[in-house]
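Novice: Mind looking at a prediction? Sequence and model below.
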Amino acid sequence: MNCGCGNCDAHPSGDDTPGHISSELTPIVTGVRVPRAGLTAELQAFLDEHPTDAETWHRLGIALNAEGRYDEAVTAHHSALTLSPHNLRVECDYAYSLAARGDLAHASALLEEIIQRDPGNGWAYFHLASARYRQNACQDAATFWECAARCLDDPSDCFENLAMAYRRLGDEERERSCWQRLAERKPDSPAVEHMLAAVGVTAPRSRASDAYVTELFDRFASDFDRVLDVLGYAVPEIAESWIRAAHPEPDRTLRILDAGCGTGLCGLRLAPWADHLTGVDLSPQMLARAAERDVYDRIVEAEIVAFLLDHPSSFDVIVAGDVLCYFGDLRPFGEAAIRALTPSGRLAFSVEATDPSEHADEGYLMRAHGRYAHARAHVEASLGTSQQLRVIETTLRLEAGSPVQGFWVDAMRPK
């Protein structure tokens with residue numbers, strides 16, 4: 001199929017097998033924006049009174065997509081198409097819903113049909129690229145995102161996704177070019193600033209900015225649990241094994257802090273040991289999903305080092321699962337965490353490990369995907385005079401089908 005965008009020739013691979021879900025921990029941009037609170041319920045209530053309103057069915061599908069309720073979104077968009085057949089806007093969003101729930105072959109076929117009918121439809125190219133990326137057809141994905149960038153009034157999301165496609169293809173020059181093109185459009189974006197450092201255009205900071213972390217995980221929240229399940233995310237299980245070894249009986253006697261709690265995957269495992277369980281995170285969207293688990297006694301939106309400094313000698317156990325990959329220099333966290341423990345309290349956290357082939361002059365480095373990796377010596381130095389320090393090599397999850405090596409760190413505050 002000629003892509004028809006007027007600027008290039010693109011040919012889908014024709015591969016209708018689902019393939020592998022993208023193993024990037026950083027999500028591609030979907031083009032779907034988070035709706036205001038309560039919108040879904042309002043739309044459903046309106047449809048109870050006006051069940052033949054095609055536009056409201058369409059809006060409901062969009063809102064359900066943004067909440068990660070993809071099966072329901074497919075149904076809503078199908079209803080909209082039944083009432084308004086051959087509506088290109090609805091068809092594009094219907095295809096997105098199909099792809100999001102894993103029906104990539106159906107979504108791709110529909111999007112190719114849309115492009116044949118409407119060769120300049122930028123969103124059809126955009127969603128077809130996303131489907132190809134999830135099928136690990138990264139060259140096709142890059143081609144179609146380039147088409148979308150030429151057709152859409154604002155190509156910013158295309159550039160961000162293109163950067164990840166070129167990274168997967170090993171094309172560092174084009175990846176850098178994408179971030180530079182995006183910087184021209186969004187010079188104040190925390191994500192762009194962070195990724196320019198990750199790909200070597202600017203100097204990296206000693207840690208990711210709060211604004212970047214918040215933006216990233218607010219965007220990622222609706223798909224976070226599903227993606228980590230695909231990646232074989234091991235940290236919650238490691239955390240449970242660790243606390244069970246230290247406290248064999250889950251007797252609900254400990255004051256526990258889940259630092260960087262995300263959607264609560266670790267908190268769910270730690271709760272049986274907690275007399276009081278606190279979850280802290282920067283992302284409001286992640287915290288909203290953590291609250292739904294109903295395992296936390298207190299949930300706080302805060303930067304974790306600042307929170308630790310404000311709570312000296314407050315916790316018997318602190319766990320930071322897969323959050324310190326957004327810290328380069330671990331010393332501020334290590335000092336604050338040990339201080340926030342009660343005497344003989346225990347701290348545990350995970351970090352990604354540097355490879356012997358990598359040069360980490362500071363004891364840590366930022367990789368091209370935007371996360372930090374740490375050398376064992378830096379991890380040990382960050383915990384000062386803590387006792388019974390153990391740094392254990394482990395596999396944290398998969399990345400592009402390969403295991404991500406890291407450390408599980410266990411330390412005790414002196415009495």
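Specialist: Perfect, thanks for sending it.
Novice: what about the strands in the stretch 251-400 of the chain?
Specialist: Assigned by DSSP state E, counting those that start in this stretch, the strands in the stretch 251-400 of the chain fall at 254-259, 274-281, 298-301, 315-320, 341-352, 364-366, 372-374, 387-399.
Novice: counting contacts, what elements does the last one pack onto?
Specialist: Judged by 3 or more CB pairs under 8 Å, 6 or more residues apart in numbering; DSSP states H and E, strand 387-399 is in contact with helix 235-246, strand 341-352, helix 376-381, strand 402-412. C-betas here are computed from N, CA, C, even on glycine.
Novice: What is the three-state secondary structure of the closest residue to Arg244 other than its chain neighbours?
Specialist: The shortest distance from Arg244 to any non-neighbouring residue, by CB to CB, 6 or more residues apart in numbering, is to Pro250 (7.5 Å). Classification of Pro250 by DSSP: H, G, I helix; E, B strand; the rest coil places it in coil.
Novice: you'd agree Pro250 is up against Pro272?
Specialist: Yes: with contacts counted by CB atoms under 8 Å, Pro250 reaches Pro272, the gap being 3.6 Å.
Novice: How many neighbouring residues does Gly170 have?
Specialist: 9 (other CB atoms under 10 Å).
Novice: ok, it to Val280 distance?
Specialist: 37 Å (CB to CB, to the nearest Å).
Novice: Contact partners for Ala288?
Specialist: Ala221 (CB atoms under 8 Å, 6 or more residues apart in numbering).
Novice: That one and Gly120: what is the separation?
Specialist: Applying CB to CB to Ala288 and Gly120 gives a distance of 38 Å.
Novice: Indicate which one of the helices and strands packed on strand 387-399 is closest to Arg255.
Specialist: Across the helices and strands packed on strand 387-399, the minimum distance to Arg255, taken as CB to CB, is reached by strand 341-352, at 7.6 Å.
Novice: Just give the strands next to the closest one in its sheet, each with its orientation.
Specialist: Strand 341-352 sits in its sheet next to strand 315-320 (parallel), strand 402-412 (antiparallel), going by DSSP bridges.
Novice: Next, Asp93: phi, psi?
Specialist: phi -70, psi -30 (degrees, to the nearest 10).
Novice: Hmm, Asn65 is touching Ala95, no?
Specialist: No: Asn65 is beyond contact range of Ala95, at 11.2 Å (criterion: CB under 8 Å).
Novice: Those two: who's more crowded?
Specialist: Counted by other CB under 10 Å, Asn65 and Ala95 do not tie: Ala95 has more neighbours, with 29 against 26.
Novice: show me the contacts for Trp408.
Specialist: By CB under 8 Å, 6+ apart, the neighbours of Trp408 are 238, 242, 348-350, 391-392, 394.
Novice: Who wins on neighbours among these?
Specialist: Phe349 leads those on contacts (other CB under 10 Å) with 28 neighbours.
Novice: Tell me if I'm right that that residue and Val317 touch.
Specialist: No: in this structure Phe349 lies outside contact range of Val317 using CB under 8 Å: 11.5 Å.
Novice: Distance of Ser331 relative to Ala381?
Specialist: Wrong residue type there; residue 331 is Arg, not Ser. With CB to CB as the criterion, Arg331 and Ala381 are 7 Å apart.
Novice: repeat for Ala246
Specialist: For Ala246, the distance to Ala381 - CB to CB - is 23 Å.
Novice: any weak-confidence spans in the stretch 251-400 of the chain?
Specialist: Filtered on pLDDT under 70, the stretch 251-400 of the chain yields no residues whatsoever.
Novice: and the residue nearest to Arg244, how many neighbours does it have?
Specialist: 15.
Novice: for Ala377, same thing?
Specialist: Ala377, neighbours per other CB under 10 Å, totals 11.
Novice: which residues touch it?
Specialist: Gly363.
Novice: got JSON lines for the contacts of Trp408, with distance to Arg181 too?
Specialist: As requested, the contacts of Trp408 are exported to JSON lines (distance: CB to CB, whole Å):
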{"residue": "Ile238", "distance to Arg181": "40"}
{"residue": "Trp242", "distance to Arg181": "44"}
{"residue": "Ala348", "distance to Arg181": "41"}
{"residue": "Phe349", "distance to Arg181": "36"}
{"residue": "Ser350", "distance to Arg181": "34"}
{"residue": "Val391", "distance to Arg181": "41"}
{"residue": "Ile392", "distance to Arg181": "42"}
{"residue": "Thr394", "distance to Arg181": "38"}
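Novice: quick check, nearest of the residues you listed to Leu88?
Specialist: Once CB to CB is applied, the member of the contacts of Trp408 that ends up nearest Leu88 is Ser350, at 45.7 Å.
Novice: so what's the closest one bridging to?
Specialist: Trp408.
Novice: Kind regards, and thank you for your time.
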